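> after the sequence you'll find the predicted model.
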Amino acid sequence: MKRNTKIFFILLLCISSNMKGQNFNKYFINKTLRLDYQFSGNINKQDVDLSALSQLPSWDGRRHNLNRLPLEGYGQVTIKDKATGDTIYRTSFSTLFDEWLVTEEAKKVSRSYENTFLVPYPKNTVMVTVAFRERNGHFKDMLTHEVDPNDILIQKKGLNHVTPYQYILKSGDPKDCIDVAFLAEGYTASQMGKFIEDCKIAVESFKNHEPFKKYINRFNFVAVESASLDSDVSLPRKNEWRSTAFNAHFDTFYSDRYMTTNAVFAIHNALAGIPYEHIIILANTNTYGGGGIYNEFTLTTAHHAKFRPVVVHEFGHSFGGLADEYDYGNDNDDTYPLNVEPWEKNITTKVDFNQKWGNLVKTGKAGFYEGAGYRHTGIWRGCEDCRMKTNECKAFCPVCQEALTEMIQFYTE
């Protein structure tokens, strides 16, 4: 490389880096605005209500790609500067609420679900909009509200009474890495040693799966010792109810292995003052099951023989926004309308496939295998088997690896 060319290249890198920093520093300070909402309603009508606003001590998320979405998601949060109308931050999410809306119960009764979103703390007054994806694939604004960063009723959290924690893997400064927090569920105070060991097993499992193996130095993993009064978690079908940190339980939507929690506010309270972006909750149980919700949390059994593949699978949901690639052997599930392209990158109805794995089809690394998204027909996956399909498969398929790589790069490049 010629000397002048090298100098120009270095200047270009510096300018690019400064532009990223200036964009963040123009609108935000190094703190987090925590937005708590209640999503409620039924199949016919949904509502979003603001529950609380909080300030956390630092911002540990991305400082670039601020006005871009990592994925479409089921829902989206958009932050606009009130004075200029400029979009200054966007993020997307899924929620247990949207999963519940396709159940039979949602036709008969209304329910509410807690949801929390973290955004960088604005310097000036902003307008926050929460939108839901409708069954036709279009987004509908559900709530728009104003946030004055100087509002005296925005509670400051994480300055004291911080939950004890320790790093399992620290690759760098939280602002430069993807920060994943492990939370203990169903571990008593005397069982925290076992919790730490379980966190280490989970991290080792990520290290054995691409693309996490390749990019592991872009991740921080921290273990947060959120103690429970009782050991194990609730198992409703056996009438076993326990007092745990986050009230996790199996039998969600009457599915034996689906373990979730609606105590989202409690989850984030336990994390206040600790650098985090993504959440993995380890349940101190040997009952098989778990769940992963995009940009909300992974919750998984830690003491079943299939812990290692399951925690990686569920993190594929919560971090990567990947869909389940298995089916139930029938076409009774209507989670995905067949006339709409799913937003997840690893399944397709072939309605609009252009933005998915067409490049991998051309190179012979992927194709079309019918049966995915819980349906036997009408939805396709890219490969015969994958970590998102079975626990026996040793790896993510090329389609999922590409999607996960894009997500890692979105957060870190």
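Cool, got the structure. Residues are numbered from 1 along each chain as shown.

> max-length strand in this protein?
strand 28-41 (DSSP state E).

> which of the residues in the helix or strand following that one are buried?
Later in the chain than strand 28-41, the nearest helix or strand by DSSP states H and E is strand 46-56. Buried residues in strand 46-56, counted by 16 or more other Cβ atoms under 10 Å: 46, 48, 53-56. Any C-beta I mention is one placed from the backbone N, CA and C, and that applies to glycine too.

> what angle sits between strand 46-56 and strand 28-41?
Angle, strand 46-56 to strand 28-41, by axes from the mean of the first three to the mean of the last three Cα atoms, to 10 degrees: 150 degrees.

> mean confidence for stretch 175-184?
Mean pLDDT, stretch 175-184: 97.

> report the buried residues of it.
177-184.

> check the offset of it from the chain's centre.
12 Å (Cα atoms, centre = their mean, to the nearest Å).

> same deal with stretch 359-366?
On Cα atoms, centre = their mean, the centre of stretch 359-366 falls 28 Å from the chain's centre.

> with stretch 98-115 instead?
20 Å.

> I408 touches I216, doesn't it?
No. I408 is beyond contact range of I216, at 10.0 Å (criterion: Cβ atoms under 8 Å).

> more neighbours, these two?
I408 (18 against 15; other Cβ atoms under 10 Å).

> so that one sits in a helix?
Yes. Secondary structure of I408 (DSSP: H, G, I helix; E, B strand; the rest coil): part of a helix.

> got a list of what the residue positioned nearest the centre of the chain touches?
Compute the mean C-alpha point of the chain, and by Cα atoms, centre = their mean the closest residue is N295, 2.0 Å away. Contacts for N295 (Cβ atoms under 8 Å, 6 or more residues apart in numbering) come out as 73, 91-94, 278, 318, 321.

> what separates it from E72, distance-wise?
According to Cβ to Cβ, to the nearest Å, N295 stands 12 Å off from E72.

> which of the three states applies to the residue nearest to the centre of the chain?
N295 ends up coil, using three-state DSSP.

> quick one: the strands in the stretch 301-413 of the chain?
347-348, 369-372, 375-381 (DSSP state E, counting those that start in this stretch).

> partners of the second one in the sheet?
I take that to be strand 369-372. strand 375-381 (antiparallel) (DSSP bridges).

> just the mean pLDDT for the strand it pairs with, thanks.
Mean predicted confidence for strand 375-381 is 97.

> quick one: buried residues of that strand?
Neighbour counts using 16+ other Cβ under 10 Å place 375, 378-381 of strand 375-381 among the buried residues.

> circling back to that earlier point, would you list the strands of the stretch 301-413 of the chain in CSV and tack on distance to Y336?
Formatted as CSV, the strands of the stretch 301-413 of the chain follow (distance: least, Cβ to Cβ, whole Å):
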stretch, distance to Y336
strand 347-348, 7
strand 369-372, 9
strand 375-381, 6
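
> tell me which of those lies nearest to E146.
Nearest to E146, of all those, is strand 347-348, at 37.8 Å by Cβ to Cβ.

> which strands and helices sit next to that closest one?
Using 3 or more Cβ pairs under 8 Å, 6 or more residues apart in numbering; DSSP states H and E, the elements in contact with strand 347-348 are strand 375-381.

> contacting residues around the strand it packs on?
Residues beyond strand 375-381 that count as contacts (Cβ under 8 Å, 6+ apart) turn out to be 325, 327-331, 333, 336, 338, 342, 346-350, 368-373, 388-389, 397, 399.

> with just CA atoms, put that strand into CSV.
Only the C-alpha atoms of strand 375-381 are listed here, as CSV (Å, rounded to 0.1, in the frame of the first residue of the first chain):
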residue,chain,number,x,y,z
ARG,A,375,-46.9,-26.6,10.2
HIS,A,376,-46.3,-29.7,8.0
THR,A,377,-47.1,-27.9,4.8
GLY,A,378,-47.0,-24.4,3.5
ILE,A,379,-43.9,-23.2,5.3
TRP,A,380,-40.3,-24.1,4.3
ARG,A,381,-36.9,-24.2,6.0
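
> now do that strand: distance to the chain's middle.
Worked out by Cα atoms, centre = their mean, strand 375-381 lies 24 Å from the chain centre.

> also stretch 194-205?
For stretch 194-205, the distance to the chain centre is 20 Å (Cα atoms, centre = their mean).

> ditto for stretch 325-340
Counting by Cα atoms, centre = their mean, stretch 325-340 is centred 22 Å from the centre of its parent chain.

> repeat for stretch 223-232
That offset, for stretch 223-232, works out to 22 Å (Cα atoms, centre = their mean).

> list the buried ones in that stretch?
Those would be 223-228, 230, 232, for stretch 223-232 by 16+ other Cβ under 10 Å.

> so what touches that stretch?
163-168, 181-189, 191-192, 195-196, 199, 240, 242-246, 270-271, 274, 284-285.

> buried subset of these?
163, 165, 168, 181-188, 191-192, 195-196, 199, 242, 244-246, 270-271, 274, 284-285.
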